[in-house]
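In: Have a look at this prediction, sequence included:
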Amino acid sequence: TAGCMELSPTLLESLEAMALPLPRPPKFFVQADITALRRRRGKNSQVLKPGSFDVLVDENVLDGMACRFPASKGLASLREALDGIAWLLKPHGRL
């Protein structure tokens, strides 16, 4: 099952509209912040549960976070994002 998680509600809406003509569109679209996911434990989400994904694809999220200044803020954001990803992945899942 493929899905889409996006922080921006506006972008999420656009992505959902663009996916309509695809032969196999994502099964779900959810607004969420990967850096807060583990901390909030996926509250308010029927889709994002711990250990529920085999594979997660990063589309320019981690490298964008690394560009924050000062560097310590970028590193903190990366750690939070990786914690959220680890929370979502099944054991032996892949990023």
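Out: In hand now; what should we look at?
In: Longest helix in this protein, by number of residues?
Out: As assigned by DSSP state H, the longest helix anywhere in the chain is helix 71-88.
In: Setting aside sequence neighbours, what's the nearest residue to Leu7?
Out: Spatial nearest neighbour of Leu7, excluding adjacent residues (CB to CB, 6 or more residues apart in numbering): Asp33 at 5.4 Å. For glycine as for every other residue, the C-beta is placed from the backbone atoms N, C-alpha and C.
In: roughly how far is stretch 33-53 from the heart of the chain?
Out: 9 Å (CA atoms, centre = their mean, to the nearest Å).
In: now the residue of the chain most remote from its centre: how far from Glu16?
Out: The centre of the chain is farthest from one residue, Pro70, which by CA atoms, centre = their mean lies 23.5 Å away. Distance from Pro70 to Glu16, counting by CB to CB, to the nearest Å: 36 Å.
In: follow-up on the earlier one: residues touching the residue farthest from the centre of the chain, list them.
Out: By CB atoms under 8 Å, 6 or more residues apart in numbering, the contact list for Pro70 is empty.
In: Repeat that for Thr35.
Out: Met65, Ser77, Glu80, Ala81, Gly84.
In: What's the separation between the fourth one and Met5?
Out: What it means is Ala81. 11 Å.
In: between the two, what contacts are shared?
Out: Taking CB under 8 Å, 6+ apart as the criterion, Ala81 and Met5 both touch Ile34.
In: Could you check how many residues crowd around Ile85?
Out: 19 (other CB atoms under 10 Å).
In: swap that for Leu62, please
Out: Neighbour tally, Leu62, other CB under 10 Å: 16.
In: Ramachandran coordinates for it?
Out: Leu62 adopts backbone torsions of phi -60, psi -40, taken as degrees, to the nearest 10.
In: isn't it right up against Glu80?
Out: No: applying CB atoms under 8 Å as the test, Leu62 and Glu80 come out as separate, 11.0 Å apart.
In: circling back: please report the distance of the residue farthest from the centre of the chain from Thr35.
Out: 17 Å.
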